[in-house]
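In: Provide a 3D model corresponding to the input given below.
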Amino acid sequence: MELGVHFALSDHVAAELLDARGDDDRLDALVEDIEETGRSEFSCDTDKAWDPILCSLSNGGYQRAPENWPACGVILGDEDLNTNTDDQLITYMTPNRVAEVASYLAEITEFEFGAGYDAMPLDDRNPEYGVDERTYAWGWLQEVVDFFQRAARDDRHVVFTVRF
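Out: All right, here's what the predicted structure looks like:
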């Protein structure tokens, strides 16, 4: 499993990514440029915790579904910008939706997160599943919470990316 990263973007940089929507080669080059040149306003690594975070918050679902919003938005955003999601995931969220996710995350308790983690479907569990992974994911989630609070306060777009 690869490392996930959230990027907070200005309107200008977000517009470049949105303009490349569906063009995987161009999107990949833009994301690489953002990663290497620091064109994001700020970022937040999630290490490998992005997967158990997603599963714990969104009832084990890897699908965007109205009943899982805003939980699924933490990782899945509002939409995939790339078409080949087998190799890489590039998700996008508008500033308004970032604010919704930030409000949601501000209310998550460790108990609720742990209950979601413990209820994760067997098919979604990593080989590392257990107390150590739950603690590890909760720790990384705290970084994500801070990131979304700042992104909402600064009215930023958010892109999440991970290569598989």
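
In: when you work out contacts or count neighbours from here on, use the C-alpha atoms and nothing else.
Out: Fine.

In: using CSV, list the CA coordinates for the top helix by length along the chain.
Out: Counting residues, the longest helix found in the chain (DSSP state H) is helix 131-153. This file holds the C-alpha atoms of helix 131-153, laid out as CSV (Å, rounded to 0.1, in the frame of the first residue of the first chain):
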residue,chain,number,x,y,z
VAL,A,131,-5.1,-2.4,18.0
ASP,A,132,-1.8,-1.2,16.6
GLU,A,133,-3.2,-0.2,13.2
ARG,A,134,-6.3,1.4,14.9
THR,A,135,-4.0,3.5,17.1
TYR,A,136,-1.8,4.3,14.1
ALA,A,137,-4.7,5.4,12.0
TRP,A,138,-6.3,7.5,14.8
GLY,A,139,-2.9,9.3,15.2
TRP,A,140,-2.8,10.2,11.5
LEU,A,141,-6.4,11.2,11.5
GLN,A,142,-5.5,13.9,14.0
GLU,A,143,-3.2,15.4,11.4
VAL,A,144,-6.0,15.2,8.8
VAL,A,145,-8.5,16.9,11.2
ASP,A,146,-6.0,19.8,11.6
PHE,A,147,-5.4,20.0,7.9
PHE,A,148,-9.2,20.2,7.1
GLN,A,149,-9.7,22.8,9.8
ARG,A,150,-7.0,25.0,8.2
ALA,A,151,-8.2,24.3,4.6
ALA,A,152,-11.8,25.3,5.6
ARG,A,153,-10.6,28.5,7.4
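
In: which residues in the chain form helices?
Out: Applying DSSP H to the chain gives helices spanning 11-19, 24-37, 50-57, 73-76, 95-107, 110-118, 131-153.

In: Ala99 touches Ala152, doesn't it?
Out: Yes: between Ala99 and Ala152 there is a contact at 4.8 Å, judged by Cα atoms under 8 Å.
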